[in-house]
Structures are given as C-alpha cells and as structure tokens.
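S.K.: I would like the atomic coordinates for the input below:
(chains A and B)
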Amino acid sequence: MAANALARGGGRVAALFTQVGSMMILTTQTIVSAVRPPYPYGEELVDQFLFVLRLCWFPLLISTFALCLGAPGLQAAGPLQVFGALDRLGGFFVLTAIRWIGPVVTAVVVGGVAGTAITADLGARKIREELDALQVLGVDPIKNLVVPRFLALMVVTALLDIFAIVFGLTAGIAAELLYNQPLGGFFATLFANASVTDLWGSVLMCTLFGAIIAVVCSYKGMTASGGAAGVGRAVNQAVVIALVGVFAFNYVFTAVLLATNPELQQIR
Amino acid sequence: MIGWLDVPRGWLDSFGEIARFGSRVAGLVYSGRALRFFGEVIRQSGILILGSALIIWAFVFILGLQCGLQGAYFFRSQGAPAYAGLFAAFCDLREALPYAFGYILSAKVGTGIVAEIGAMRISDEIDALEVMGVPPITFLCATRLLAAWIVLPFVYLVGIAVMYVASYLAVVEQVADVSSGGYTLIFWMFQDPTDVIFSLIKGMTMATVIVLVGCYYGYTASGGPVGVGTATAKSMVFNIVMVHIVGMLGTVVFWGANPRLPIGG
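M.R.: Sure thing, here's the model as predicted:
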C-alpha cells in the first residue's frame, strides 16, 4: 500500500519534471525560430497584439483600480492617518503600485484573460487535428502560431504594465481624496521615492511574465488531448501553472532587484 | 476579431443571468435539497481537499514570502526595520491572503468546474440526468457549492498559518534586519481575532462567487469541444474581475471607516 502510494507520487513528480522540461524545450525552439529567417509571422503578430489588448484593457482597468484602492490605498491610509503622515502614501505607492501590484495584476489579468483564450484556441485546433494538417502542409506550427503569440504577449504585457501603474496611482489619488487630503504631499513623496530603476524593473519583469504565460499556455494548448473535456482541462492546468510560475518568478526577481540595487533602500 | 467594447458588453449581458442562476443554486443549498445527494457532497469535498488544498497553500506560501520581502525593504527605506511586522500583518491577513485565495481558486476550482460540467453538457449527460429524474442543478451545482462551503473555510484558516510562516521566513531569516522577538511583537500587536473573521468572510465570499460563476458557465456551455474551452476562458475573465471587486468592497466595508489599530484612543 505504502509502496504503491510512493510509486504513484514518484510517477507524478516524474511527470512534473517532464512537463517543465518540455516547456523549456518549447521556449528554446520558440526563441530560435523567432530570430532565424524567414519571418512569416508579421500579420499574425499584429492580430494577436490587438486581440490581447482588446480583451485585456477593461478587466485590467477595473482590477488595478479596485486592488490599489482597497489594499494599499485605504488599508495603508489608516495607519498613516493615525501617525498624521498621509502625505507618505505617495512613497508607499512606489512600492505597491510600481514595484509589486502593477506587474502582478497585469500578469494575473493577462494570464487569466489572454492566456486562457490562447490555450482554448490552440487546444481546439489540436483536437480538430488542424495542427497536424498544418505540419503535413509544411507549415511549422511553432513559427507560425507560437512565435507571434510569444512576442505579442511579451510586448503587450509590458505595455499594459504602464497602464496598470497609471490606474494604480489614480486609485492612490482617490484614496487621498477620500481622506480629504490635499494632493501636493502625495505627489511630492511619490516623485521623491520613485526611481528609474523601479520603472525598468517593473517593465522588464512584466515582459518576462508575458513570456512565461505565452510558453505555458501555448504548450498546454498544443498538447491538449481527450475530446471535449480535454480542452477545458488544458485551460484549467495552463492557468494554474502560469499563475504559480509568475508568482514564484516574481518573488525571485524582486528579491534580486532589491538586494542588488541598494539605492532603492535609501531614506528619502 | 472582437471589438474594443465587447468584453464589458458581454458582462452586462450575462450578469443578470449569472445572478439568477447563482441565487437559484444557493436557494437549493439553503432549503436543504442538496442534502439529498449528501454522498456526492462528500465526494466533491474530497476532490477539493485532495486536488486543490496543496496548490492553494503553495501559492499562499509564495505570496507570504513576498509580503515579508516587500515589507522588510519598505521599512528599511523608512528607517524603521522593526515595523516590518506591521506591513506583514496587514498584507498577510487583510489583503494578500483573500486575493491569493481568490486567484488560485478561480484558476484551479472555477475553471475545473467549467471544464467538468461543460464536458457533461456537451456529451448530453446533463439531459440524461434529467431523463432519469435526477435534478441536474441540484446534483451538479448545489452539491459543489455545499462542498466548497464545508471545506474551504478550513483550507483558508490553514492558509493563514502557512502565510505567517512564509512572512516570518522572509523577514527574519532572509532579509534579517530585525530579530525574531522584535518582529513577532509588532506582528501580533497589529491583528486580532476579529480581523481573522473579517478576512475569512472576504475569502469565502470570493469562493462562493467563483463556484457559482464556474457552475453557470459550465452549465450553459455549448458548441462542441471548442465551446468548453471558450466557456472556461470566459469564466476566468469574469472571476478575476469579481475577485478584485469583492476584495475592494470587503476592505471598504470592514476596514474603510475604522482601520482597527492598537494606537491612540
């Protein structure tokens, strides 16, 4: 019994490693075929870019505003008001809106909205054997389907990160106004604490989030199997793996960024 | 190709239907009709525990590490590293845990329900249930909602503990600006059992919404294997936005007027 359970657990761990390895291979293949000529994916790239942007902008707007108004806005304004230092909220928003919540919410929205759509799309094509048909016709599915999604998602996630920061800061302004506070102090501490390192760190992190989401979701879509339930299950697994991957990567990236850039920790 | 305003328009279209469907399922649970299938409730609870609990705690652990990390560096830059506990207490209990719970539930449980029930709808199993005289909404949706209400509060409470351990590791062991005693003093000072209840209410509201949205999109799936995938993707979009809205409303209702601090009168 115990040996049986152990063997099953071992099998699961082995399957996990196989999957992670396959995703790494897909990443390498995607990057290689993205830079190697010819470049037939231009039109699909623009299509995917617009598709993701149209799908994501509204959920992103609501999500960042709601999250930044609730979590850092009102929750941090409470203690700051007790200390009589509500103008410090601007400095706090550098940490929350730019360094943390902006990129993470962008990744959650892009993963949940565009990532699921990509998996559903590719999974449907796999189930209907369109991917095999493409290969028979001599069209490389990685070059023509995965590469444009990979590049489009990287660019669009970085772009949406800027929107997320803007709407996060708007939520901070709303929180200050709810506490009847003049906005001068908010902007003063915001610009005193904000640095270029924060911004490029945020945008770079989001670009890599986009890459993670694109690879995971494309992989899960292209390996979907098992009929009607298969596509749904592929979407389910893709979004779970993408979210866990994004958050784990975010932790490592933040730890490295903060530890290697001591100028972010100066008292201002 | 979808238009710029299609997503909000789609929500307005389906919001009323989801509300009606959800209240019907909740009514079936309240009136005790779901208890007719108590075996199925227990089976769904078992699936939740075995399939989702571990991944929820892993996700919550990562977020706890981040709360500790961000708090430690923020209060270092303010020149008061001992107060990392304040950030960790607020971040862990009041905000990050409900959101982490909502994200991973909508990803794992919500889309899982859509995929399962959607596949049953596509292969006409739901019609077969009806023909056999089994009420499908009660059997498929109400049992899942009841199972979530039975299991998830305990998963959430264990998640709080997991997150506290993670924040402690990040602040005290990783960044190491503050001693263990100094951290825990501030950390426990800035929270009380009422906060735990409020946080639990927030998380369980999200869980209820997620299960109901999942059931709705699965139950109304159509259009073959592709339809199941599309319905799964749509439910995720709706869930993410609902998680954020519930989170913001919870903060405003529970802590908006009174930050509940052990400072001053």
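
S.K.: all helices of the chain, in order?
M.R.: If you meant another chain, say so; for now it's chain A. Assignment of helices within chain A using DSSP state H yields the ranges A:2-35, A:42-68, A:75-82, A:89-93, A:102-109, A:116-127, A:130-136, A:141, A:147-178, A:184-193, A:196-222, A:227-260.

S.K.: hmm, no, I was thinking of chain B.
M.R.: B:6-30, B:38-77, B:84-89, B:97-105, B:111-122, B:125-131, B:136, B:143-168, B:180-189, B:193-219, B:224-255.

S.K.: show me the one of the ones you listed that comes nearest residue A:92.
M.R.: With C-beta to C-beta, the closest approach to residue A:92 among those belongs to helix B:38-77: 7.3 Å. Any C-beta I mention is one placed from the backbone N, CA and C, and that applies to glycine too.

S.K.: and that closest one, how far from the chain's centre?
M.R.: 10 Å (C-alpha atoms, centre = their mean, to the nearest Å).

S.K.: and residue B:20, how many residues sit next to it?
M.R.: 11 (other C-beta atoms under 10 Å in any protein chain shown).

S.K.: tell me which of the helices of chain A is the most buried.
M.R.: Highest mean neighbour count among the helices of chain A (mean count of other C-beta atoms under 10 Å in any protein chain shown): helix A:102-109, with a mean of 29.

S.K.: kindly export it (C-alpha atoms) in CSV.
M.R.: Coordinates of each C-alpha in helix A:102-109 appear next as CSV, following Å, rounded to 0.1, in the frame of the first residue of the first chain:
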residue,chain,number,x,y,z
GLY,A,102,1.2,46.8,-11.1
PRO,A,103,3.2,43.9,-12.7
VAL,A,104,1.5,41.1,-10.7
VAL,A,105,-2.1,42.2,-11.5
THR,A,106,-1.1,42.7,-15.1
ALA,A,107,0.2,39.1,-15.2
VAL,A,108,-2.9,37.8,-13.5
VAL,A,109,-5.2,39.5,-15.9
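
S.K.: alongside chain A, which residues does the stretch 51-200 of chain B contribute?
M.R.: Proximity of the stretch 51-200 of chain B to chain A, by C-beta under 8 Å from any C-beta of the partner chain, involves residues B:55, B:58-59, B:62-63, B:65-66, B:69-70, B:73-74, B:76-79, B:86, B:90-91, B:94-96, B:99, B:103-104, B:106-108, B:111-112, B:114-116, B:118-119, B:122-123, B:174.

S.K.: of the residues you listed, buried ones?
M.R.: Buried members of those, scored by 16 or more other C-beta atoms under 10 Å in any protein chain shown, are B:55, B:59, B:62-63, B:65-66, B:69-70, B:73-74, B:76-78, B:86, B:90-91, B:94-96, B:99, B:103-104, B:106-108, B:111-112, B:114-116, B:118-119, B:122.

S.K.: list the contacts of the residue in the stretch 1-150 of chain B that chain A sits nearest to.
M.R.: Taking C-beta to the nearest C-beta, chain A has its nearest neighbour within the stretch 1-150 of chain B at residue B:115, 2.7 Å off. Contacts for residue B:115 (C-beta atoms under 8 Å, 6 or more residues apart in numbering or on different chains) come out as A:229, A:231, A:232, A:233, A:235, A:236, B:218, B:228, B:232.

S.K.: change it to 10 Å
M.R.: Residues in contact with residue B:115 (C-beta atoms under 10 Å, 6 or more residues apart in numbering or on different chains) are A:228-237, B:214, B:217-218, B:221, B:228-229, B:231-232, B:235.

S.K.: residue A:242 touches residue A:112, doesn't it?
M.R.: Yes: between residue A:242 and residue A:112 there is a contact under C-beta atoms under 10 Å: 8.6 Å.

S.K.: mutual contacts of those two, please.
M.R.: A:213, B:107.

S.K.: for chain A, what's its nearest residue on the stretch 151-265 of chain B.
M.R.: residue B:259 (2.5 Å).

S.K.: so who does that residue touch?
M.R.: A:74, A:75, A:76, A:77, A:78, A:79, A:80, A:81, A:82, B:90, B:94 are the contacts of residue B:259 under C-beta under 10 Å, 6+ apart.

S.K.: ok, and the closest non-adjacent residue to the third one?
M.R.: The one in question is residue A:76. residue A:92 (5.3 Å; C-beta to C-beta, 6 or more residues apart in numbering or on different chains).

S.K.: mind checking how far the one you found is from residue B:75?
M.R.: According to C-beta to C-beta, to the nearest Å, residue A:92 and residue B:75 sit 11 Å apart.

S.K.: same thing with residue B:233?
M.R.: Residue B:233 is 40 Å from residue B:75, by C-beta to C-beta.

S.K.: test my guess that residue B:120 contacts residue B:130.
M.R.: No: contact criterion C-beta under 10 Å: residue B:120 and residue B:130 do not qualify, at 11.6 Å.

S.K.: now list whatever residues contact both of those two.
M.R.: Common contacts of residue B:120 and residue B:130 (C-beta under 10 Å, 6+ apart): residue B:136.

S.K.: out of the two, which sits in the more crowded spot?
M.R.: residue B:120 (22 against 13).

S.K.: model confidence at the more buried one, what's the number?
M.R.: Model confidence at residue B:120, expressed as pLDDT, equals 91.

S.K.: ok, now which ones touch it?
M.R.: Counting by C-beta under 10 Å, 6+ apart, residue B:120 touches A:228, A:229, B:126, B:127, B:128, B:129, B:136, B:140, B:218, B:219, B:221, B:228.

S.K.: number of residues surrounding the last one?
M.R.: Neighbour count for residue B:228, taken as other C-beta under 10 Å: 36.

S.K.: how far away is it from residue B:112?
M.R.: Going from residue B:228 to residue B:112 by C-beta to C-beta gives 12 Å.

S.K.: what sits closest to the most centrally placed residue in chain B if chain neighbours are left out?
M.R.: When C-alpha atoms, centre = their mean is applied to chain B, the residue found nearest the centroid is residue B:102 (2.7 Å). What sits nearest to residue B:102 in space, not counting adjacent residues and going by C-beta to C-beta, 6+ apart, is residue B:243, at 3.5 Å.
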